[in-house]
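>>> Need the 3D shape of this:
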Amino acid sequence: MKNVKGTTDFYPEEEIIKNTVFNSFNSTAKSFGFNYITTPIIENFELLSKKQGEEIRTQIFSIEKKGNEDLAMRAEFTPSFARLFIQKQKQLSKPVKWFCIDRVWRYEKPQAGRDREFYQYNVELYGTSEAIADAEIISLAIESLKNLGVNEKDFVVNINNRKLLQGLIEQFTDNVNETIGIIDKRKKINEKDFIKMLKDAGVKKPDELIKILDIKDVNDLKPTNKLAKEGLDKIKQVLSLLDYNCVNFSIETARGLSYYTGTVFEIYDKQEKFRALCGGGRYDKMIETFGGDATPAIGFGMGWSTVFLFLKELNLLPESDLGPDYFIAVIDEEKEALKIAQKLRKKYSVVVNLVKRNLGNQIKFANNINAKNVIVVGSQEIKTGEFKVKELKTGKEKIITLPCINSGKL
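Predicted coordinates:
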C-alpha cells in the first residue's frame, strides 16, 4: 500500500536528516531574535481564503462540516500568524519577530519540489517599515542556507520592489496586477508568447517595457513615475544594507500575488535547476485586511522539499547516524543488564539485546544497527565487576569496571 500522492514518508534515517536541517533553521532564527510559535492545523476556511481570495480556494483542503463550522487545513502560515498577532496586537511590543517550522497542505499537482503535504520554514516580522527590517529578513534567509554549509556561490537572491515595478508598468498599462502576473511567468514561457500575453493585457509598446525589464543595474533606472521613484529609493536602501555576494537586483522578480506592497525577493539555486528555495516580501496591508490595526509586515517561506533537493545536489545532506553509543550484549543476568543500561543512558544512547540469540549473533546485530561499542554482560562480569567493551569500528577491546559504569565515565 502506497502513501497518498503528494505526501512523503520519513523513515528514521530520513527523519534525522530533516530534523537536523530544521534544528539549524531554528538556531539561526533564534540567533536573529525570532521566537517560535505554533498554530493549529485547522483554521476557519474564511481566514485561510481571505489573503488570496479565489486564487487559493481550490487548493485548500476543506473539512467535512460538523454543525455550522466551515473548517479547513492550513494552506500557509501567514493567515494564522496574522490571527495570533491581531489577538494581542495592543499588548505586543513592536517589532514582533515570529517563526515556525511545520506542515501545511495544498491540493496541487505534485511535482519535484512541490507536494500536497509539505514542511515550511515560515518567518514574519510585524511593526516596522524601515529598510533595515527588509535587510534583516533577507539576511536571515541567506544565513539559514549558509548555516547548512551552502556557499554563496551556489545560490542567488533576486530582490525587487513592487512599488518600483508597479510604477514602471503604469507607464504602459492600467492593467497592473495582470501584467505583474505575466512578468512573474516570463521564465516559464517563450518570448513570443510573453509579448502576446503583454499585448492581451493591454500593454502599450511591450518592446519598451521589455527593455526596462532587461535592465540589470539598479542605477540604470531613471523612472519619472512618483511610485516608481519611491520604490527605487527603497530598494537602493535595502541593497546598500546587504553585504552578500549572492544578492542580485532583479526587476523581473514580481512575486505574482497582489498583496505584496514593497520589497520582494526569491532565492534560487545558481543554475535554477529547482523551484524557488525561498520567497517572501513586504505586505504592509495584510494585518489590516484581516481586521487588525494597520501594521507594516514582512516575511518569507522556505520549503523543505526544494531545500532537500538542493542540499542533495550539493552533497550537503546531514549524516543520518542512528547508531547507539553502546549495545549491551546479554549472556544472562538480564536484570543487571537493564540496570547498567539505565546508568549509561544518563550520558549515552544505549540499546539492550531483547531477543534470545548467541553472543556472535548479538554482535552481528550490533553491527547492523551501527552501534559504536558493545558491552558484554553476564554472570561472570557481574561477579568480577569487570566488563569487556569492544569498539566495533576498530575492533579494539578494553576492560572497564563497575565504578566506571556507575559514574558514567567511560
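>>> okay, CA-based contacts and neighbour counts for the rest of this
OK.
>>> neighbours around the closest residue to residue 247 other than its chain neighbours, how many?
The shortest distance from residue 247 to any non-neighbouring residue, by C-alpha to C-alpha, 6 or more residues apart in numbering, is to residue 157 (4.8 Å). As a burial measure, residue 157 scores 26 neighbours (other C-alpha atoms under 10 Å).
>>> cool, the one 3 residues further on as well?
For residue 160, the tally of surrounding residues (other C-alpha under 10 Å) stands at 30.
>>> Repeat that for residue 245.
11.
>>> give me every residue that touches it.
152, 153 (C-alpha atoms under 8 Å, 6 or more residues apart in numbering).
>>> Poorly predicted segments of the stretch 251-400 of the chain, please.
For the stretch 251-400 of the chain, the stretches with pLDDT under 70 are 256.
>>> try 80 this time
For the stretch 251-400 of the chain, the stretches with pLDDT under 80 are 256-258.
>>> In it, mark out all the helices, start to finish.
Taking DSSP state H, counting those that start in this stretch to define them, one finds helices in the stretch 251-400 of the chain at 286-289, 304-313, 334-344, 359-368, 379-384.
>>> Give me the pLDDT for the residue nearest to residue 292 when sequence neighbours are not counted.
Using C-alpha to C-alpha, 6+ apart and skipping residues adjacent in sequence, the residue nearest residue 292 is residue 86, 5.4 Å away. Model confidence at residue 86, given as pLDDT, is 96.
>>> burial measure for residue 86, as a count.
When neighbours are counted by other C-alpha under 10 Å, residue 86 registers 19.
>>> wait, what's in contact with it?
By C-alpha under 8 Å, 6+ apart, residue 86 lies in contact with 287, 291, 292, 293.
>>> next one: residue 294
Listed by C-alpha under 8 Å, 6+ apart, the contact set of residue 294 reads 284, 285, 287, 288.
>>> what about it, distance to residue 310?
Remark: distance between residue 294 and residue 310 (C-alpha to C-alpha, to the nearest Å) = 38 Å.
>>> now swap in residue 103 and tell me
Using C-alpha to C-alpha, we find residue 103 at a distance of 19 Å from residue 310.
>>> Repeat that for residue 324.
Residue 324 is 29 Å from residue 310, by C-alpha to C-alpha.
>>> Show me what counts as buried in stretch 27-40.
By neighbour count on 16 or more other C-alpha atoms under 10 Å, the buried set for stretch 27-40 is 28, 29, 30, 34.
>>> which strands and helices sit next to the strand or helix carrying the third one?
Using DSSP states H and E, residue 30 falls within helix 12-31. Counting contacts by 3 or more C-alpha pairs under 8 Å, 6 or more residues apart in numbering; DSSP states H and E, the secondary-structure elements packed against helix 12-31 are strand 96-105, helix 131-146.
>>> any idea which helix or strand comes after the shortest one?
This points to strand 96-105. Beyond strand 96-105 toward the C-terminal end (DSSP H and E), the next one is strand 117-126.
>>> Let me see the domain layout of this protein.
Residue ranges for the domains of the chain, per automatic domain parsing: 12-313, 326-407.
>>> highest average neighbour count across those?
Scoring the domains of the chain by mean neighbour count under mean count of other C-alpha atoms under 10 Å gives domain 12-313 as the most buried, with a mean of 18.
>>> Could you work out the end-to-end span of it for me?
Counting by C-alpha to C-alpha, you get 21 Å between the two ends of domain 12-313.
>>> Compute the distance from the centre of it to the centre of its chain.
Averaging C-alpha positions (C-alpha atoms, centre = their mean, to the nearest Å) puts domain 12-313 12 Å from its chain's average.
>>> can you confirm residue 7 is in a helix?
No: according to DSSP: H, G, I helix; E, B strand; the rest coil, residue 7 belongs to no helix; its state is coil.
>>> As CSV, the helices and strands packed on helix 12-31 with distance to residue 164 would be great.
Listed next are the helices and strands packed on helix 12-31 as CSV, based on distance: least, C-alpha to C-alpha, whole Å:
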stretch, distance to residue 164
strand 96-105, 26
helix 131-146, 15
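>>> Which one of these lies nearest to residue 356?
strand 96-105 (41.1 Å; C-alpha to C-alpha).
>>> Sheet partners, orientation included, of that closest one?
With DSSP bridges as the test, strand 96-105 is paired with strand 35-36 (parallel), strand 117-126 (antiparallel).
>>> Mean pLDDT and distance to residue 146 for those - can I get that in TSV?
Output for the strands paired with strand 96-105, formatted as TSV (pLDDT from 0 to 100; distance: least, C-alpha to C-alpha, whole Å):
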stretch	mean pLDDT	distance to residue 146
strand 35-36	98	20
strand 117-126	96	15
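>>> I'd like those strands as TSV, with distance to residue 347 appended.
Compiled in TSV, the strands paired with strand 96-105 are given as follows (distance: least, C-alpha to C-alpha, whole Å):
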stretch	distance to residue 347
strand 35-36	28
strand 117-126	31
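>>> Next, work out how far apart residue 283 and residue 257 are.
As judged by C-alpha to C-alpha, residue 283 and residue 257 stand 10 Å apart.
>>> for residue 3, that is, sorry about that
Counting by C-alpha to C-alpha - residue 3 and residue 257 are separated by 32 Å.
>>> likewise residue 39?
With C-alpha to C-alpha as the criterion, residue 39 and residue 257 are 24 Å apart.
>>> Pretty sure residue 159 sits against residue 268.
No: under the criterion of C-alpha atoms under 8 Å, residue 159 makes no contact with residue 268, lying 11.4 Å away.
>>> Now do the helix or strand harbouring residue 211: everything it contacts.
Element membership for residue 211 (DSSP H and E) is helix 206-213. Helix 206-213 has contacts (C-alpha under 8 Å, 6+ apart) with 169, 172, 195, 198, 199, 221, 251, 252.
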